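**Q** the following block contains a protein sequence and its predicted model.
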Amino acid sequence: MINQKSIAVLPFNNTSGDIENQYFADGISEEIINTLSKINGLKVTSRTSSFIYRDRQIDVRHIGNELGVSTVLEGSVRKAAKRIRIATQLIRTDTGFQIWSESFDRELVDIFDLQDEISRLIADKIREHFGHFDIQDDFQTPRTSKTDAYQAYLKGRYFQLQWTNDSIQKAHEAYKESIAIDPHYPMPYLGLSQSFVHQAAWNQADRMKGLYMAQHFIKHLGKDFEHLADFHYTKGLYAFIGNWSFQKAQEHLSKALKINANYAEALEFQADLYNVAGAFDKAKDYIDQALSLNPNALNHHYTKALGYYFSSKYSEAIETLDKALQILNDWQMALELKALCFLILGDEPAFRNTVVLAKEDTRSIFYELWHAYHHKKPGTIEVTNAYDFYMAVPVYHKLYSGLEKEALMDMEEGVNQRAGQFLGFRFDPLLAPLRKSEVFKKLETPFRSLSLHSGNSQKTESAQPEVLSEEEIQSFSLALEDLMKKQKVYVDAQMSLRSLADQVELHPNKLSWLINNKLGKGFNEYVNDYRLKDFQNRALDPENSHLTLLGLAYDSGFNSKSVFNDFFKKKTGMTPKAWLKSQSST
């Protein structure tokens with residue numbers, strides 16, 4: 001079922017004529033996503049899922065069904081010297097009709113105000129069409145007065161999200177360039193800290209150096225950015241996969257989600273935390289939330305599958321991994337875990353069909369692992385690339401080749417080094433033979449006291465609080481009625497909820513609440529009801545017989561033929577022409 005108060009922001013087209021500006025167009029798109037995601041009550045599809053439609057000619061109605069959103073934002077970015085032009089259009093996914101479009105031509109120095117302005121306009125239009133939610137007056141967007149620092153940050157972000165060793169190095173260079181231009185801009189520090197943590201956790205760089213650098217950059221920000229969800233997410237990431245400080249990680253991830261409930265990556269790491277704690281049902285709640293925001297995120301599917309794997313639900317794990325492989329059919333993480341599921345299930349044909357898609361050096365080790373696990377045949381290959389795997393494959397290889405002592409030593413080393421491959425070692429079914437050992441029991445001792453508080457992982461629709469008193473409700477309702485019936489402000493086709501709020505002298509959030517919760521209609525329906533009655537009166541007036549029906553509709557405040565015809569048919573059950581004919585015959 002599609003959440004009506006929802007949006008996916010597609011990657012903006014780069015029309016600058018310079019391929020190097022692609023990172024800038026991507027950055028603008030992501031910043032609008034980030035700003036919109038701060039609005040409670042608005043579901044915003046995450047970057048990973050919306051960016052998958054880059055350069056693909058797909059009907060927005062299909063995108064809406066795939067992502068479960070009611071609206072899609074398309075746009076383009078043209079940057080020339082110190083000016084920027086952004087063109088946008090908001091489209092309904094049920095009809096394919098355009099709700100709103102506008103172009104903005106500004107100085108580049110105004111980019112942060114412009115991003116907030118576009119985000120607010122988009123949120124306003126969704127609220128007008130689909131129902132009430134509050135929109136904050138200040139999005140608290142991190143800013144820099146140095147546009148070159150912002151452009152360098154966007155370039156760093158562009159490379160960071162590619163998550164290859166080469167791209168991470170390019171990201172580091174761009175982030176450091178941003179810091180050199182403006183040492184007070186927080187975002188490049190957060191990007192550096194995040195990328196160093198990932199490199200350290202997965203042994204893509206010297207662990208101690210990586211963690212030191214990650215800590216260095218996050219500590220540089222002090223406590224001045226406690227209001228940023230990204231700040232707490234980064235600290236939570238460091239505590240979790242960097243230091244295995246699980247309670248501290250959850251404290252920060254919970255703060256990130258309190259600031260931004262749409263933070264899919266924070267939801268994923270909450271799920272990871274519960275998987276580590278063995279609370280697999282709780283983990284599934286969180287990862288399902290993340291997937292609702294980011295259905296095309298490979299890591300989300302992997303985290304969900306890992307929970308199934310740790311709880312011995314191998315068929316469910318395989319089904320989940322297949323969804324990830326539909327997005328990227330040669331993704332090594334998914335292939336590796338899927339092969340391990342088939343290994344345990346004893347399905348050799350399926351195991352081989354999976355392993356054949358993996359990297360060449362991975363294939364030979366997995367084939368040996370099958371024979372060691374099922375036929376007790378010792379392996380002949382020495383695994384020296386232990387950290388090329390996402391699970392503890394080298395330990396499995398030794399364990400089932402009869403080298404239990406060596407396997408135990410390797411596992412102990414991996415856990416002590418806080419290697420990412422061993423985060424879930426306590427529940428890894430392939431490590432089960434080691435659980436009886438004193439070494440294993442000693443390693444899991446710190447986890448036994450692990451107790452994560454069970455915050456509400458599911459956002460529930462609670463009753464809206466009374467934001468106006470009964471006296472205020474009556475007073476403002478009468479003021480609205482006066483504006484509509486006597487002053488006929490609805491004939492202004494450009495009237496918005498905000499402009500009406502100015503005339504009523506009421507905050508837009510409160511007016512939206514009043515119309516939706518007390519008058520029982522959405523803003524558009526409320527206004528269009530008046531326009532419809534006005535049109536009917538005009539159409540029945542003999543003095544207007546020389547005018548077209550569409551012209552009369554425009555005079556009544558409708559600004560679109562399709563909107564007018566759809567609304568008229570919804571309310572009367574017939575077309576305007578058929579209705580007029582029925583009135584003439586009575």
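**A** Nice, I can see it.

**Q** for this protein, what's the longest strand?
**A** When the chain is scanned for its longest strand (criterion: DSSP state E), the result is strand 69-80.

**Q** just the C-alphas of that one, formatted as CSV.
**A** This file holds the C-alpha atoms of strand 69-80, laid out as CSV (Å, rounded to 0.1, in the frame of the first residue of the first chain):
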residue,chain,number,x,y,z
VAL,A,69,5.5,6.7,-3.0
SER,A,70,2.7,9.1,-4.2
THR,A,71,5.0,11.7,-5.7
VAL,A,72,8.3,11.9,-7.6
LEU,A,73,10.5,15.0,-8.0
GLU,A,74,12.5,15.4,-11.2
GLY,A,75,14.9,18.1,-11.9
SER,A,76,18.0,19.5,-13.6
VAL,A,77,21.0,21.5,-12.5
ARG,A,78,23.0,23.9,-14.6
LYS,A,79,26.0,25.6,-13.0
ALA,A,80,27.9,28.3,-14.8
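
**Q** show me what that strand is packed up against.
**A** With contacts defined as 3 or more CB pairs under 8 Å, 6 or more residues apart in numbering; DSSP states H and E, the packing partners of strand 69-80 are strand 3-9, strand 13-14, helix 22-36, helix 60-67, strand 83-92, helix 111-130. Glycine gets a C-beta too; all of them are placed from N, C-alpha and C.

**Q** want to throw those into TSV with distance to residue 177, mean pLDDT and mean neighbour count?
**A** TSV is the format used below for the helices and strands packed on strand 69-80 (distance: least, CB to CB, whole Å; pLDDT from 0 to 100; neighbours: other CB atoms under 10 Å):
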stretch	distance to residue 177	mean pLDDT	mean neighbour count
strand 3-9	27	94	22
strand 13-14	21	93	18
helix 22-36	13	92	23
helix 60-67	35	94	18
strand 83-92	20	95	18
helix 111-130	18	95	21
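
**Q** residue 433 is nearest to which of the ones you listed?
**A** For the helices and strands packed on strand 69-80, proximity to residue 433 was assessed by CB to CB; helix 60-67 is nearest, at 43.0 Å.

**Q** what is the orientation angle of the longest strand of the chain with strand 3-9?
**A** Regarding strand 69-80 and strand 3-9, their directions subtend 20 degrees when assessed with axes from the mean of the first three to the mean of the last three CA atoms, to 10 degrees.

**Q** residues of strand 69-80 that come out buried?
**A** 69, 70, 71, 72, 73, 74, 75, 76, 77, 78, 79 (16 or more other CB atoms under 10 Å).

**Q** want to try a markdown table for these, with distance to residue 450 and pLDDT as columns?
**A** Supplementary listing: the buried residues of strand 69-80 in a markdown table, determined by distance: CB to CB, whole Å; pLDDT from 0 to 100:
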| residue | distance to residue 450 | pLDDT |
| --- | --- | --- |
| 69 | 37 | 96 |
| 70 | 40 | 96 |
| 71 | 41 | 96 |
| 72 | 42 | 97 |
| 73 | 42 | 97 |
| 74 | 46 | 96 |
| 75 | 45 | 95 |
| 76 | 49 | 95 |
| 77 | 46 | 95 |
| 78 | 52 | 94 |
| 79 | 49 | 90 |
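
**Q** now tabulate the residues you listed in JSON lines and tack on distance to residue 41.
**A** As requested, those are arranged in JSON lines below (distance: CB to CB, whole Å):
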{"residue": "69", "distance to residue 41": "14"}
{"residue": "70", "distance to residue 41": "13"}
{"residue": "71", "distance to residue 41": "14"}
{"residue": "72", "distance to residue 41": "19"}
{"residue": "73", "distance to residue 41": "17"}
{"residue": "74", "distance to residue 41": "23"}
{"residue": "75", "distance to residue 41": "23"}
{"residue": "76", "distance to residue 41": "28"}
{"residue": "77", "distance to residue 41": "28"}
{"residue": "78", "distance to residue 41": "33"}
{"residue": "79", "distance to residue 41": "33"}
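
**Q** which of those lies closest to residue 447?
**A** For those, the residue nearest residue 447 by CB to CB is residue 69; the value is 39.0 Å.

**Q** mind listing what the closest residue to that closest one other than its chain neighbours touches?
**A** Sequence neighbours aside, residue 6 is the residue nearest to residue 69 in space, at 4.1 Å (criterion: CB to CB, 6 or more residues apart in numbering). Going by CB atoms under 8 Å, 6 or more residues apart in numbering, residue 6 touches 42, 43, 44, 45, 68, 69, 70, 71, 126.

**Q** let's see it at 10 Å
**A** Residue 6 sits next to 42-45, 64, 67-72, 93, 126, 130, 292-293 when contact means CB atoms under 10 Å, 6 or more residues apart in numbering.

**Q** now residue 99: which helix or strand?
**A** strand 98-107 (DSSP states H and E).

**Q** can you check residue 57 too?
**A** Residue 57 belongs to no helix or strand when assigned by DSSP H and E.

**Q** separation between it and residue 74?
**A** Relative to residue 74, residue 57 is positioned 12 Å away (CB to CB, to the nearest Å).

**Q** ditto for residue 20
**A** In this structure, residue 20 and residue 74 are separated by 22 Å, where distance is defined by CB to CB.

**Q** pull the most distant pair out of the buried residues of strand 69-80.
**A** Going by CB to CB, the two entries of those that are most distant from one another are 70 and 79, at 30.5 Å.

**Q** low-confidence ranges, the stretch 351-500 of the chain, go.
**A** Counting by pLDDT under 70, the low-confidence segments of the stretch 351-500 of the chain come to 379-388, 453-464.

**Q** got the buried residues for stretch 234-246?
**A** Counting neighbours by 16+ other CB under 10 Å, one finds that the buried residues in stretch 234-246 are 234, 235, 236, 237, 238, 239, 240, 241, 242, 243, 244, 246.

**Q** could you dump these into JSON lines with distance to residue 354 added?
**A** Listed next are the buried residues of stretch 234-246 as JSON lines, based on distance: CB to CB, whole Å:
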{"residue": "234", "distance to residue 354": "35"}
{"residue": "235", "distance to residue 354": "37"}
{"residue": "236", "distance to residue 354": "33"}
{"residue": "237", "distance to residue 354": "30"}
{"residue": "238", "distance to residue 354": "34"}
{"residue": "239", "distance to residue 354": "34"}
{"residue": "240", "distance to residue 354": "29"}
{"residue": "241", "distance to residue 354": "26"}
{"residue": "242", "distance to residue 354": "31"}
{"residue": "243", "distance to residue 354": "34"}
{"residue": "244", "distance to residue 354": "30"}
{"residue": "246", "distance to residue 354": "32"}
